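**Student:** Could you work out the structure for the sequence below:
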Amino acid sequence: MTEYRIETDSLGEVQVPSGRYYGAQTQRAVDNFPVSGIGFSRRFIRALGLIKEAAACANSELGKLDDKLAAVIRQAAMEVADGALDDHFPVDIFQTGSGTSTNMNTNEVIANRTIELLGGEIGSKSPVHPNDHVNDGQSSNDVIPTALHIAGAEALHAELLPALRRLKESLEAKAKAFDDVLKIGRTHLQDAVPVRLGQEFGGYAMQVTNSIGRVEAVLPHLQELAIGGTAVGTGLNTHEDFGRLVAARVSEQTGLSFSEAPNRFEALAARDAAVAASGALRSVAVSLTKIANDIRWLGSGPRCGIGEILLPAVQPGSSIMPGKVNPVMAESLLMVCAQVVGNDQAVAWGGAAGNFELNVMKPLIAHNLLQSSSLLTRGVHTFVERCVDGLEANRERAEQLIEGSLAMCTALAPVIGYDAAASIAKEAYKTGRTVRDVARERSGLSEAALNEALDVRRQTGK
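**Tutor:** Alright, predicted model coming up:
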């Protein structure tokens with residue numbers, strides 16, 4: 001049977017489970033929002049802990065908080081940041097749109113943990129009060145968007161960008177290894193003029209390079225923090241230097257360069273930076289969808305498909321067809337990308353839902369943005385490790401397909417004319433012969449001239 005203690009807030013008494021560091025306001029949120037069972041991510045809770053540690057540091061420096069008390073609050077806040085108290089954050093994502101419930105969850109956990117460290121009684125709010133001390137100089141309206149920006153910037157810097165750079169390097173290595181593999185190109189899903197397999201993979205590598213640039217481009221605005229704006233952007237009830245000091249301390253803790261937002265009214269009322277970041281992740285997902293789809297199609301078969309590349313066999317593909325192996329890593333990444341595109345729609349809708357001085361979709365925006373970054377990070381790493389790194393060229397199949405392609409006639413058009421080349425293509429298709437065989441009979445070209453015109457390597461450029 002669960003044991004309880006009694007805590008109070010402005011609405012009255014609340015039963016809080018014994019052994020929990022959170023208090024009355026958190027428990028009300030648990031009771032009010034039993035919606036999804038989804039809580040804030042580790043990165044977001046870490047960011048909240050960093051903010052509260054930095055706030056105590058700033059308030060101590062500004063003479064608003066006793067130095068000894070501040071030191072213990074900072075200790076408890078770093079336990080939150082380091083993940084030691086994650087079990088004490090039960091509030092659902094689908095809660096108050098400002099994230100007040102989660103800000104108060106953080107304040108209560110840190111206050112009660114501090115009281116415990118000082119030998120006091122948990123829930124007594126003495127000598128540390130969640131609002132008066134832990135939340136001093138802050139509002140949920142500036143803390144939650146600050147946490148969103150810190151968590152988002154850290155996730156992109158520390159996780160997603162390294163994953164994308166790893167994929168880029170793997171694709172560049174394959175582009176180099178496959179540069180001598182001649183194959184047929186395809187447009188509209190139909191045979192086109194020849195390309196080199198290395199050129200295709202070079203195109204994929206450039207897509208990822210561009211994706212890296214798009215993610216990097218959104219980081220400067222994510223590194224602008226709303227802290228110091230308090231309730232509506234005016235900075236009421238905080239010191240004018242508070243935001244600057246918190247940003248400096250968070251920069252020190254993370255190794256990233258955070259600063260006060262140049263306009264706190266924008267920083268509280270709008271979530272445009274998060275929307276832009278989500279849009280960049282959507283763009284990454286679109287690029288990865290193209291790459292993963294191409295790779296699984298190029299490896300289709302193994303005997304009755306395209307089969308120009310050989311995908312690593314990582315697991316059996318069928319419960320009924322013995323020996324079947326499927327492109328499961330590409331399929332996994334495609335589902336990740338689909339989820340990211342869906343998440344972006346939720347972020348965009350949430351970003352548009354602000355009114356006057358406050359956006360009230362912040363928990364949803366934070367959850368979807370951070371989930372997208374996390375999914376892409378893990379999806380890319382597994383795709384590289386279990387697919388791209390192990391890709392091989394099926395040279396024999398590539399040569400077979402290119403010689404049988406009707407698009408080989410394209411190289412004859414400048415020599416014998418478009419209509420004559422088209423006639424050869426139609427005859428080759430009708431008879432099932434190769435373009436080379438029909439052209440040998442009907443083009444009037446010498447064998448040397450024909451071989452020069454149909455030289456596949458020359459057709460692929462430099």
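**Student:** Show me the shaky parts of the chain.
**Tutor:** Along the chain, segments meeting pLDDT under 70 span 1.
**Student:** Report the central residue of it.
**Tutor:** In the chain, the centroid-proximal residue (CA atoms, centre = their mean) is Ser373; its distance is 2.1 Å.
**Student:** any idea how far Ala453 is from that one?
**Tutor:** 51 Å (CB to CB, to the nearest Å). In this view, the C-beta of every residue, glycine as well, is placed from N, C-alpha and C.
**Student:** next one: Ala338
**Tutor:** The separation that Ala338 has from Ala453, given CB to CB, amounts to 45 Å.
**Student:** who's more crowded, these two?
**Tutor:** Between Ala338 and Ala453, counted using other CB atoms under 10 Å, the more crowded position is Ala453 (22 against 12).
**Student:** so that one sits right up against Thr410, yeah?
**Tutor:** No: applying CB atoms under 8 Å as the test, Ala453 and Thr410 come out as separate, 10.1 Å apart.
**Student:** wait, doesn't Leu164 sit right on Val215?
**Tutor:** Yes: counting by CB under 8 Å, Val215 is a contact partner of Leu164 at 7.1 Å.
**Student:** Between those two, which contacts overlap?
**Tutor:** Val284 (CB atoms under 8 Å, 6 or more residues apart in numbering).
**Student:** Just want to know which of those two has more residues nearby.
**Tutor:** With neighbours defined as other CB under 10 Å, Leu164 and Val215 compare such that Leu164 has more, 25 against 21.
**Student:** what about the nearest residue to that one once chain neighbours are set aside, distance to Leu160?
**Tutor:** Of all residues not flanking Leu164 in the chain, Ile212 sits nearest, at 5.0 Å (CB to CB, 6 or more residues apart in numbering). Distance, Ile212 to Leu160, by CB to CB: 9 Å.
**Student:** More neighbours: which of the two?
**Tutor:** Leu160 (24 against 17).
**Student:** Correct me if wrong: the more buried one contacts Ser373.
**Tutor:** Yes: at 5.0 Å, Leu160 counts as touching Ser373 under the criterion of CB under 8 Å.
**Student:** ok so, going back, which other helices and strands does the helix or strand harbouring the residue nearest to the centre of the chain contact?
**Tutor:** Assessed by DSSP states H and E, Ser373 sits inside helix 362-386. Here helix 362-386 touches helix 42-61, helix 140-155, helix 161-177, helix 272-298, helix 328-351, going by 3 or more CB pairs under 8 Å, 6 or more residues apart in numbering; DSSP states H and E.
**Student:** Now with 10 Å, please.
**Tutor:** Counting contacts by 3 or more CB pairs under 10 Å, 6 or more residues apart in numbering; DSSP states H and E, helix 362-386 packs against helix 42-61, helix 100-117, helix 140-155, helix 161-177, helix 197-222, helix 272-298, helix 328-351.
**Student:** Most tightly packed of the ones you listed?
**Tutor:** helix 140-155 (a mean of 28; mean count of other CB atoms under 10 Å).
**Student:** who touches both of Leu160 and Ser373?
**Tutor:** Val215, Leu281, Val284 (CB atoms under 10 Å, 6 or more residues apart in numbering).
**Student:** Now do the contacts for the first one.
**Tutor:** By CB under 10 Å, 6+ apart, the contact set of Val215 is Leu156, His157, Leu160, Leu161, Leu164, Ala277, Ala280, Leu281, Ser283, Val284, Ser373, Leu376.
**Student:** how about 7 Å then?
**Tutor:** By CB atoms under 7 Å, 6 or more residues apart in numbering, Val215 lies in contact with Leu156, Leu160, Leu161, Ala280, Val284.
**Student:** ok, and the closest non-adjacent residue to Val218?
**Tutor:** Distances taken as CB to CB, 6+ apart place Ala277 nearest to Val218, at 4.5 Å, with adjacent residues excluded.
**Student:** can you tell me how far that neighbour sits from Ser372?
**Tutor:** 9 Å.
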